[in-house]
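J.: Prediction below, plus the sequence it came from.
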Amino acid sequence: MIVCPSCQAEYEEATTRYCGRCGSDMRREPRGPGVEAVDPLLGRVVDGRYRVLGKIGQGGMGSVYKVEHLAMGKIAAMKVLHPALTVDPELGRRFRREAEAVSRLSSPNTVQVFDFGESQGFMYLVMELVRGEDLGAILRREGPLPFDRARRIAIQVCEALSEAHEAGVIHRDLKPENLLLSRGRDGRDLVKVLDFGLAKLRDSEELTTVTARGALVGTPFYMSPEQIRGEDLDARSDLYSLGALLYRLLTGDHPHTGTTPVAVLTQHLTEELVPPSKRRPELRIDRAADLLVMRAMAKSREDRFPSADAFRQALLDAPHASTPGLADAPSPHGAERRDTTGAAQLKREDIDNYESGLKRRRWLGFIALPLLFAIGGGGFAILRYTSAPKPADVESEPNNSAAEANLIGSGRTLRAHIGKCLSPQESDRDYYHFTVEHAPEVLHVQLTGIPTMDLKVEIFDGLGHKIAEDDDAGVGEGETIPNVRLDHAGEYYVAVREVWVSGRPATEDDQNWYTLTARWQPLGANQESEPDDAPSQALPISVGDPVTGYLGRAGDVDYFYPSGSIGGQLGGFVSGIEGVDLRIVVLPFGSTAGPPGKLPDGARVFDAGGPGAPETFTHVPWTPGAPGPIIVVERKDPPRAADAAGRRALIGVEVPYSLTVKLE
């Protein structure tokens, strides 16, 4: 049984490579011991200031890295936001507004944000590096917490919320995974609240609803009723989430549960809350805890605590309280903490002092610059031009990581070797990089082969996400990626290496050259681009306007739908590719791809021609005003055995087809 890593669809062993439901590549390339996935951000310098030292973690909002401020040599954490959250210009402006507001928060119980910006196509936040563990991991390990400890945690969260709410910042996504706990000098929990304001980037009508696949963007176990309804939020929404979090701390259970996100959300809206002491009577939860949680989680916000300060005071005033005030808690800023490498951790005052120094130097530069031009004439401009990096025509080692990548130019051919192995199981790996100024663009990559090796080419975006790869050919053959879409401006990487095979030593060849040619250009209006391998990735096609596409790998399928809402009887045709057998499948709108070999209900197949012949489809109904059907162009590749030399090249990957849809 093969399970798709993206959507968990199950298939019989070796029946398919690409998931019919989501289009993901399910083939698992065997790896030797010690071979790990490569993150192109590692080792890079972001915005000229922060060197990326290692990856700390990854979540729905993005990835977190450990970084070093180059000028000060101090350590911090950097959250790199997922491109989907910032691809729209309005979302980018919203990010800057939220980041600026969050950077002003200074509560000891808030993870401090020192810096933020945009670099190479992605947006980032620089934060203090907290030595601790998220509360979710603690709950999974320890189970329910005693009331006194849970209360101390909630009190500190209230401290963070109080300052944020006064500044007009609503968290919107309070949950155990957004609370970091470390130990103070006296052994008590020191709480830091993470990700203030970031949830607002995804808080839109389409992102706070349940998707067609039943996945919710957000955390349904802690969402307030008004957040579920899509209403304007105020501070009391965070207090509801904190009440739900306190419920989880006391009982180990979520206040509302269900088999689907919809069931959980519905219970938040309609079901009466079971008090913690009744949910887990064996834990002997204090009645005072029941009262606190029930008020915080009142369905009407008017019945909840009016503010974080009021909730905090109620926690302190609860019977048998032994919680000291915040003034008695140990301060995280009492001494300069140091990283395990010996480098001190970055603090807000470090950034303030550094920025003040930059302003002084800029002022001096403003005065001195006219004098330099008067003395040097155009020499400065000439020096700048001659020192700018130029695209390589011949590989320059070392280029085994993204941080050492060689610069390549669009349409320029580069020569290189797969030289000395990195380990007995891992071949030499060559990285190249280029920058896209304006998106979207389409990338074409052509790699020639080496007689002694089976090569693979991979494409990564600036955040380390693999967006395309090709390994269809065998030993000695080249690889082609004809039309991958680059959706974001910024840095991209091309990696070339030998295919790793478990149990077989890596090889090297410093005698034979391979060549790499990468070309990127603006995406045309009538140009197919990958990924478009699933119904959810279907591309629009205008009726009467031909679209040019490629079937660039074995078993490739391209999905399209007619744009607009014209309606009528549709027909059309796809031109042939010499030596390649094509077929057209028409699916009703809203179809999802089924298991390999089984078409969804209502599908129609047009497959009259053989290899090299065009295919035609006719009499496809399109109801006026309704979305059009989905038109699928498929490549029918028979199993290909390697020849005596081990070659198994795929034909036609660089030959375009033309698809035309018309009204009959």
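T.: Noted; the coordinates are in hand. Everything numeric here is computed off the predicted structure, so don't read it as measured data. Numbers count the residues shown, from 1 in each chain.

J.: residue ranges of the strands in the stretch 301-450 of the chain, please?
T.: For the stretch 301-450 of the chain, the strands defined by DSSP state E, counting those that start in this stretch cover 406-407, 413-418, 429-436, 441-447.

J.: quick one: the helices in the protein?
T.: Secondary structure of the chain (DSSP state H): helices at 89-103, 135-142, 147-166, 225-228, 235-251, 261-270, 276-279, 287-296, 308-317, 348-376, 379-387.

J.: tell me the mean pLDDT for the longest one?
T.: The average pLDDT within helix 348-376 is 54.

J.: same question, stretch 262-275
T.: Averaged over stretch 262-275, pLDDT sits at 91.

J.: export that stretch as PDB, just CAs?
T.: What follows is stretch 262-275, C-alpha atoms only, in PDB (Å, rounded to 0.1, in the frame of the first residue of the first chain):
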ATOM      1  CA  VAL A 262     -17.500  21.100  11.600                       C
ATOM      2  CA  ALA A 263     -18.700  19.000  14.600                       C
ATOM      3  CA  VAL A 264     -16.300  20.800  17.000                       C
ATOM      4  CA  LEU A 265     -17.300  24.300  15.600                       C
ATOM      5  CA  THR A 266     -21.000  23.500  15.900                       C
ATOM      6  CA  GLN A 267     -20.600  22.500  19.600                       C
ATOM      7  CA  HIS A 268     -18.800  25.800  20.300                       C
ATOM      8  CA  LEU A 269     -21.900  27.500  18.900                       C
ATOM      9  CA  THR A 270     -24.700  25.400  20.400                       C
ATOM     10  CA  GLU A 271     -23.700  22.800  23.000                       C
ATOM     11  CA  GLU A 272     -23.700  23.600  26.700                       C
ATOM     12  CA  LEU A 273     -20.200  23.300  28.200                       C
ATOM     13  CA  VAL A 274     -19.600  20.400  30.700                       C
ATOM     14  CA  PRO A 275     -17.700  21.800  33.700                       C
END
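
J.: which residues make contact with that stretch from outside it?
T.: 210, 214, 216, 220-221, 223-225, 228-229, 254-258, 290, 293-294, 297, 299 (C-beta atoms under 8 Å, 6 or more residues apart in numbering). The C-beta positions use only the backbone N, C-alpha and C, and glycine is treated the same way.

J.: Among the residues you listed, name the buried ones.
T.: Buried members of the contacts of stretch 262-275, scored by 16 or more other C-beta atoms under 10 Å, are 216, 220-221, 223-225, 228, 254-256, 290, 293-294, 297, 299.

J.: and which of those is nearest to residue 405?
T.: residue 216 (37.9 Å; C-beta to C-beta).

J.: Quick one, grab the pLDDT at the closest one.
T.: 40.

J.: From residue 542, how far out is residue 239?
T.: Per C-beta to C-beta, to the nearest Å, residue 239 is found 51 Å from residue 542.

J.: These two: who's more crowded?
T.: Legend: neighbour count by other C-beta atoms under 10 Å for residue 239 and residue 542, higher for residue 239 (28 against 13).

J.: Mind naming the longest strand for the chain?
T.: Assignment by DSSP state E gives strand 509-522 as the longest strand of the chain.

J.: helices and strands around that one, which ones?
T.: Contacts defined by 3 or more C-beta pairs under 8 Å, 6 or more residues apart in numbering; DSSP states H and E place strand 509-522 against strand 413-418, strand 429-436, strand 441-447, strand 490-498.

J.: average pLDDT across it?
T.: Here strand 509-522 scores 94 as its mean pLDDT.
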